[in-house]
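In: Any chance you can model this:
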Amino acid sequence: MYQIENQRRALEGARSLGPSQAGRPRVSRNVVFLGLNSFLTDISSEMVSTILPLYLLFTLRLAPLQFGIIDGFYQGGSVPVRVASGLIADRWRHPKEVAAVGYGLSAVCKLGFLVIRGPWAAITGLVMLDRIGKGIRTAPRDAMISLSGPPSGMATAFGVHRALDTAGAMLGPLVAFGILALAPDSFDAIFVVSFCFALMGLGVLLLFVKNPPVKKLDEAVVPRVTVRAAADLLRAPRFRVVLLVGSALSLVTVSDSFLYLAMQDQLDLDIGFFPLLFVATALVYMVLAVPVGRVADRLGRGRVFVAGYGVPAPAYATLLRPNLVPLQLLVTLALLGTYYAMTDGVLQALASTMIPAELRASGLGLLASAIGLSRLFASILFGIAWTFLGIQAALTIFLTCRGHVPHRGHRFGRQSGAAEPWLRAHGRGGAPRARPETTLTAAPRCLGPRRTWSSGPGPHPWPSSPCS
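Out: Here you go, the predicted model:
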């Protein structure tokens, strides 16, 4: 379990905490309550997601290709709304209320599984609606985390949130396992209990989480939040590299559900123990989330993120062996948990340092949309390969493709700061350039990125492309 100094004060609503005596950054109460909200919500979500493969493949008798399509929508179904929810949160300046809409929609969908039992297309639509709810809440929530503490401890804040989030992801399968152990095939009970946990999570958000304070700035200084302003983030070189590398790596990553089904098939596990596979991965993730966040803050978030995507490769190779033994199973689950600790949260912290505060939710929504779209196609492609070639061939194809993805982590591993220099130089995320009063220190030719110009007190960096 993660540690937060003076936890009682945090839970009682203390203000943001400064650095501790040991030099470890503390987190604000907003981050803690957002973590508790995600803790309860993830219990609800993981109760359903862990039994969904069993429910679809063994109860409804769907083919792997059909399950791949549903799992693809589960992974990337939130893509259409993530950017829109981020834009609305940035423009409205109330990310908490936007996130609450998403949490409420996902909660209602849990009851939908009690009603829809027919064609797999109808179940796909329900899963899509549930993921739309997740898409609405993700970018505003991550923006609140990034704006609720100092930039130097951003990866730690995300690590604390992900640790609580993952604790819920660990308990959710245990609750589902307990229900199935007491009453086999009682999927209706799982859906009802899941709905109750979702309501409790929504209550924590509405009662205890506060919107980050908004600075009162002149509208002439802060540009209006528009679709064009969000799209201009793609023109920022460093943010674009982060988005492209993250998307490419997600495209060659196998969904957990497929990996767990491969493990269940090789070990011939009883379906009642299937949710425990999720628990083991979540336990490792929960233990490592905060330490890895601290390491990322010190050594470079880009390096940790790219290194994390190399961790699942031995797990894929292990599943290619014909006879999987329990020890190999435990190592594979530990590798998956380590992979999540090194990537989920670290990527958001890395990207947050490149996005101006007034566009934070929009930028994170854009990043999450790209990652989700890649995961959607990855699940569909893996389902097709499994259906027509078999599980071993599908794993071999994805393992081979991972070795050909260009790892450009060194390009952004050392980058930090309030926002992209390119954005500031082009009037995004800060004061626009003052042309009449600008006095250059040298002739306007290619002088390199370290030259400065003067417009009032203090030096200002050149844009990353001074000759453009």
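In: Let me know the average pLDDT across stretch 395-415.
Out: For stretch 395-415, the mean per-residue pLDDT is 66.
In: typo on my end, stretch 209-219
Out: Stretch 209-219 comes out at a mean pLDDT of 67.
In: now the helices: where do they sit in the stretch 151-300 of the chain?
Out: Remark: helices assigned in the stretch 151-300 of the chain by DSSP state H, counting those that start in this stretch are 154-182, 187-208, 227-231, 237-251, 256-267, 275-299.
In: will you turn these into TSV that also has distance to S369 and mean neighbour count?
Out: Bear in mind the C-beta positions are built from the backbone N, C-alpha and C, glycine included. Putting the helices of the stretch 151-300 of the chain into TSV (distance: least, Cβ to Cβ, whole Å; neighbours: other Cβ atoms under 10 Å) gives the following:
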stretch	distance to S369	mean neighbour count
helix 154-182	19	24
helix 187-208	22	19
helix 227-231	11	15
helix 237-251	9	20
helix 256-267	20	20
helix 275-299	23	22
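In: hey, least reliable of the ones you listed by pLDDT?
Out: helix 227-231 (a mean of 81).
In: which strands and helices sit next to it?
Out: Helices and strands touching helix 227-231, by 3 or more Cβ pairs under 8 Å, 6 or more residues apart in numbering; DSSP states H and E, are helix 79-92, helix 360-389.
In: Try it again at 7 Å.
Out: Where contact means 3 or more Cβ pairs under 7 Å, 6 or more residues apart in numbering; DSSP states H and E, helix 227-231 is packed against helix 79-92.
In: wait, which of the helices of the stretch 151-300 of the chain is closest to P312?
Out: Nearest of the helices of the stretch 151-300 of the chain to P312, taken as Cβ to Cβ: helix 256-267 at 8.5 Å.
In: ok, how many other residues are close to the residue lying closest to N211 once chain neighbours are set aside?
Out: Spatial nearest neighbour of N211, chain neighbours left out: K96 (4.9 Å); criterion: Cβ to Cβ, 6 or more residues apart in numbering. Neighbours of K96 under the rule other Cβ atoms under 10 Å: 18.
In: so what's K96 up against?
Out: Taking Cβ atoms under 7 Å, 6 or more residues apart in numbering, we find K96 in contact with M144, L205, V209, N211.
In: The last one touches V98, doesn't it?
Out: Which is N211. No - the criterion here is Cβ atoms under 7 Å, and N211 misses it with V98 at 10.0 Å.
In: Who has more neighbours out of these two?
Out: Neighbour totals were compared for N211 and V98, and V98 leads with 23 against 18 (other Cβ under 10 Å).
In: so how far is G149 from that one?
Out: When distance is defined by Cβ to Cβ, to the nearest Å, V98 is 20 Å away from G149.
In: Out of the helices of the stretch 151-300 of the chain, flag the one nearest P119.
Out: Using Cβ to Cβ, the nearest of those to P119 is helix 187-208, at 17.3 Å.
In: from the chain's centre, how far out does the closest one sit?
Out: With Cα atoms, centre = their mean, to the nearest Å as the basis, helix 187-208 stands 21 Å off its chain's centre.
In: And the contacts of that helix?
Out: 33, 36-37, 40-41, 43-44, 47-48, 51, 55, 96, 99-100, 103-104, 106-107, 110-111, 113-114, 175-176, 179, 183.
In: what residue lies at the spatial centre of the protein?
Out: Geometric centre of the chain, nearest residue: D344, 5.2 Å, by Cα atoms, centre = their mean.
In: got a markdown table for the contacts of K96, with distance to P312 too?
Out: Output for the contacts of K96, formatted as a markdown table (distance: Cβ to Cβ, whole Å):
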| residue | distance to P312 |
| --- | --- |
| M144 | 30 |
| L205 | 32 |
| V209 | 33 |
| N211 | 37 |
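In: In the residues you listed, find the pair that's most separated.
Out: Using Cβ to Cβ, those span at most 11.2 Å, a distance reached by L205 and N211.
In: in the helix or strand A317 falls within, what counts as buried?
Out: A317 belongs to helix 312-319 when elements are defined using DSSP states H and E. In terms of neighbour count (16 or more other Cβ atoms under 10 Å), helix 312-319 has its buried residues at P312, A315, Y316, T318, L319.
In: Nearest to T138 among these?
Out: Among these, P312 lies closest to T138 (Cβ to Cβ), at 22.3 Å.
In: Does that closest one touch L335 like I think?
Out: Yes - P312 sits in contact with L335 when judged by Cβ under 7 Å, with a separation of 6.2 Å.
In: Next one: L347 from S148, what distance?
Out: 18 Å.
In: how near is G365 to K134?
Out: 12 Å.
In: same check, this time on L347
Out: The gap separating L347 from K134 is 17 Å, by Cβ to Cβ.
In: Counting neighbours, go ahead and name the busier of the two.
Out: Counted by other Cβ under 10 Å, L347 and K134 do not tie: L347 has more neighbours, with 29 against 23.
In: ok, that one touching F305?
Out: Yes - using Cβ under 7 Å, L347 is in contact with F305, at 5.3 Å.
In: Now restrict the contacts of helix 187-208 to buried residues only.
Out: 33, 36-37, 40-41, 43-44, 47-48, 51, 55, 96, 99-100, 103-104, 106-107, 110, 113, 175-176, 179.
In: now, which of those residues lie within helices?
Out: 33, 36-37, 40-41, 43-44, 47-48, 51, 96, 99-100, 103-104, 106-107, 110, 113, 175-176, 179 (DSSP state H).
In: The closest residue in space to G112 that isn't next to it in sequence: neighbour count?
Out: Distances taken as Cβ to Cβ, 6+ apart put L126 closest to G112, at 4.8 Å, once the chain neighbours are dropped. Burial measure for L126: 17 neighbouring residues, criterion other Cβ under 10 Å.
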